[in-house]
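> take this sequence and fold it.
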Amino acid sequence: MTLTTEVQTVVGVSHPLDPLSRAEISRAASILKDGQAGAESFRFISIELREPDKELLRSGAKTVREADAVLVNRA
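Purely as a prediction, here's the structure:
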């Protein structure tokens with residue numbers, strides 16, 4: 001399942017490769033739970049930072065923080 005959504009959240013991170021904050025993880029889980037993952041049969045395995053493209057980091061361009069999530073549908 002792929003979910004694409006745009007959410008603008010200002011989060012105090014000092015580096016683009018810093019792990020997701022507690023607030024970012026909660027926001028990602030909330031977005032997923034509003035969709036199909038809201039069913040009781042889904043279990044979250046992990047939510048972690050999707051690392052930005054290395055070329056963007058090298059150039060100093062502004063990067064967008066994204067999360068990758070692994071869920072299991074036990075149904």
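> strands of the protein, residue ranges please.
Shown for the chain, the strands assigned by DSSP state E span residues 42-50, 66-73.
> could you say what helices and strands the last one packs with?
Packed against strand 66-73 by the contact rule (3 or more Cβ pairs under 8 Å, 6 or more residues apart in numbering; DSSP states H and E) you find helix 22-33, strand 42-50. No exception for glycine: its C-beta is placed from N, CA and C like everyone else's.
> deepest of these, which one?
Across those, averaging neighbours per residue (mean count of other Cβ atoms under 10 Å) puts helix 22-33 on top, at a mean of 15.
> from the chain's centroid, how far away is that one?
Taking the mean of its C-alpha atoms, helix 22-33 sits 7 Å from the chain's own mean (Cα atoms, centre = their mean, to the nearest Å).
> contacts only, for the residue positioned nearest the centre of the chain.
The central residue of the chain, meaning the one whose C-alpha is nearest the mean C-alpha position (Cα atoms, centre = their mean), is residue 67 at 1.9 Å. Contacts here follow Cβ atoms under 8 Å, 6 or more residues apart in numbering; on that basis residue 67 touches 20, 24, 25, 28, 47, 48, 49, 50.
> now these in CSV, with distance to residue 75?
Shown next, in CSV, are these (distance: Cβ to Cβ, whole Å):
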residue, distance to residue 75
20, 27
24, 28
25, 24
28, 22
47, 21
48, 24
49, 29
50, 26
